[in-house]
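A.B. asks: The following block contains a protein sequence and its predicted model.
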Amino acid sequence: MVKKNEVEVPWRERGVLRTREAAVVLGLKEQTLRALRQRGGGPKFVRLSLNRIGYTPDSLAQFCAERTFGSNAEVREAVRRGAA
């Protein structure tokens with residue numbers, strides 16, 4: 001849940017989440033999410049203004065789905081292909 005004007009709103013129902021909120025949803029530090037954005041490999045983002053970045057719930061869900069594996073062998077294969 002993310003607070004919006006003191007009302008709890010499920011993150012998937014939000015339009016765009018700020019970097020801080022997206023980091024909480026993903027269980028990452030804000031600086032880790034920023035680093036992923038800068039070097040590539042993070043979730044797709046929306047440039048809301050020159051200094052404001054946001055993430056859609058769909059982009060966060062896609063980011064997680066692309067990194068979901070059934071076994072360590074799948075992880076090793078993805079790393080070998082450069083996909084993880």
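C.D. replies: Noted; the coordinates are in hand. Note that the structure is predicted; figures quoted are calculated from it, not measured. Numbers count the residues shown, from 1 in each chain.
A.B. asks: drop to CA atoms for contacts and neighbour counts, all remaining ones
C.D. replies: Fine.
A.B. asks: So V75 sits against F69, correct?
C.D. replies: Yes: the pair V75 / F69 is scored as a contact, 6.4 Å apart, by Cα atoms under 8 Å.
A.B. asks: Of these two, give the one with the bigger neighbour count.
C.D. replies: V75 (16 against 11; other Cα atoms under 10 Å).
A.B. asks: Please identify the helix or strand for the more buried one.
C.D. replies: helix 72-81 (DSSP states H and E).
A.B. asks: How far away from the center of its chain is that helix?
C.D. replies: In terms of Cα atoms, centre = their mean, to the nearest Å, the centre of helix 72-81 is found 21 Å from the chain centre.
A.B. asks: What of stretch 65-84?
C.D. replies: For stretch 65-84, the separation from the chain centroid amounts to 18 Å (computed by Cα atoms, centre = their mean).
A.B. asks: got the buried residues for it?
C.D. replies: Within stretch 65-84, the residues that count as buried by 16 or more other Cα atoms under 10 Å are V75.
A.B. asks: Tabulate the CA atom coordinates of the helix holding V75 in PDB.
C.D. replies: Extracted in PDB, the C-alpha atoms of helix 72-81 (Å, rounded to 0.1, in the frame of the first residue of the first chain):
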ATOM      1  CA  ASN A  72      18.700 -22.000 -10.400                       C
ATOM      2  CA  ALA A  73      19.400 -23.700 -13.700                       C
ATOM      3  CA  GLU A  74      17.100 -21.200 -15.400                       C
ATOM      4  CA  VAL A  75      18.900 -18.300 -13.700                       C
ATOM      5  CA  ARG A  76      22.300 -19.700 -14.900                       C
ATOM      6  CA  GLU A  77      21.000 -20.000 -18.500                       C
ATOM      7  CA  ALA A  78      19.500 -16.500 -18.400                       C
ATOM      8  CA  VAL A  79      22.900 -15.100 -17.200                       C
ATOM      9  CA  ARG A  80      24.700 -17.000 -19.900                       C
ATOM     10  CA  ARG A  81      22.400 -15.500 -22.500                       C
END
